[in-house]
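*Asks:* Okay, predicted coordinates and the sequence, questions at the end:
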Amino acid sequence: MITVWAPVGVGEVDEGADLVALLLAALAEAGRHLQDGDVVAVTSKVVSKAEGRARASTREAELPGQTLRVVARRGPTTIVRNLLGLTMAAAGIDASNVAAGTVLLLPEDPDASARRIRTGLRERAGVNVGVVVTDTAGRAWRDGQTDLAIGAAGLTVLQSFAGQTDAHGNPLVVTAPAVADEIASAAELSQGKLGSRPFAVLSGRADLVLPPGEDGPGARTLVRPEGADLFGYGAREAVVRALAGRPGDRAPFGAPASAEELAEAISTVTGAAPRAEGGALLVTAGDLPVLRALAFAFGWTMEVESGGHAHMRPPTP
């Protein structure tokens, strides 16, 4: 049986606050205590406050410094890949539950924050627990938001069932529950958004908690590397980036496509029929800027030969 509960009575958290002490005090007030195998969830908001990540500023002013690259813009909303590699609105900069004129940046290293809390609980309470630092994010194709793990310590963050079979004998190929994210979402259900309950304790999944001294790879391992995400840009932004063809914009389009994939795209867009020449493609008709954009988006290079023919080649190692 899995249980999740969030202690009450945690007041405002200021810079330098001892989160371990605050959690243990809230547990004592409730007459509860941690046990080996529990998972403690802590909101990134209080971690950021305790670590001095508050700024007398605005989201707009802080956004450039927290952005690796812009993914998409729609009106006032800017989705970016932030310094942690997370894709979030406004880089995860928080302007709620803080003093007017103040914003909170995400923790600089949420995995390290989780490790410190886990170590503190081990030293002061004598328990071996997993720790998850949580934050709220939206999701592609879904309305609403849910909490996910941006930091973790002492916890299996991703379970892999690849190579196993289901009850019908079907092989499981890519089944890999992001259990750290599932724990974060379960914790948020008990914490709520307005209840001043920044901590939650999940019991019943001790199998996910690592032995003492083993912190694991952290939540950072849940972040797909640049170019491995099938949706590296928003739909409009992808068109603009491909047409502009700047070398620095290439990585989010991912690994180079096969000749067959590129040829199909060329035929679909231009009606031209590329001719294979070894590992290259020769296109004798079509709008050159469009062909160049297609080559860029599919990870190929293009040269214009005499007669205006486009010669496309996959990148050399």
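*Replies:* Received the coordinates, thanks. Every value quoted in this text rests on a predicted model; they were computed, and no experiment measured them.
*Asks:* any idea of the pLDDT on the residue lying closest to L155 once chain neighbours are set aside?
*Replies:* Leaving aside its sequence neighbours, L155 sits nearest to G130 (C-beta to C-beta, 6 or more residues apart in numbering; 3.5 Å). Using the backbone N, CA and C atoms, a C-beta is placed for each residue, glycine as well. We have a pLDDT of 98 for G130.
*Asks:* wait, what's in contact with G130?
*Replies:* D38, V39, V40, R118, A152, A153, G154, L155, L208, V209, L210 (C-beta atoms under 8 Å, 6 or more residues apart in numbering).
*Asks:* if we take those, which one ends up nearest to T316?
*Replies:* Nearest to T316 among the contacts of G130, counting by C-beta to C-beta, is A152 at 39.2 Å.
*Asks:* Which residue, other than its chain neighbours, is closest to that closest one?
*Replies:* Nearest one to A152, counting by C-beta to C-beta, 6+ apart, is A219 at 4.2 Å.
*Asks:* tell me the contacts of that neighbour?
*Replies:* A219 makes contacts with P110, D111, A114, V132, V133, A149, I150, G151, A152, V157, A180, as judged by C-beta under 8 Å, 6+ apart.
*Asks:* make it 7 Å
*Replies:* By C-beta atoms under 7 Å, 6 or more residues apart in numbering, the contact set of A219 is P110, D111, A149, I150, G151, A152, V157, A180.
*Asks:* CA atoms only for the helix or strand where the third one lies - export them in PDB, please.
*Replies:* Per DSSP states H and E: A149 is located in strand 142-153. This file holds the C-alpha atoms of strand 142-153, laid out as PDB (Å, rounded to 0.1, in the frame of the first residue of the first chain):
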ATOM      1  CA  ARG A 142      -2.300  18.500 -22.400                       C
ATOM      2  CA  ASP A 143      -4.100  21.300 -20.500                       C
ATOM      3  CA  GLY A 144      -3.200  21.900 -16.900                       C
ATOM      4  CA  GLN A 145       0.100  21.400 -15.000                       C
ATOM      5  CA  THR A 146       1.600  18.600 -12.900                       C
ATOM      6  CA  ASP A 147       4.600  18.400 -10.700                       C
ATOM      7  CA  LEU A 148       7.700  16.600 -11.800                       C
ATOM      8  CA  ALA A 149      11.100  15.800 -10.300                       C
ATOM      9  CA  ILE A 150      13.800  18.300 -11.000                       C
ATOM     10  CA  GLY A 151      16.200  16.900  -8.300                       C
ATOM     11  CA  ALA A 152      16.600  13.500  -6.700                       C
ATOM     12  CA  ALA A 153      18.900  11.700  -4.300                       C
END
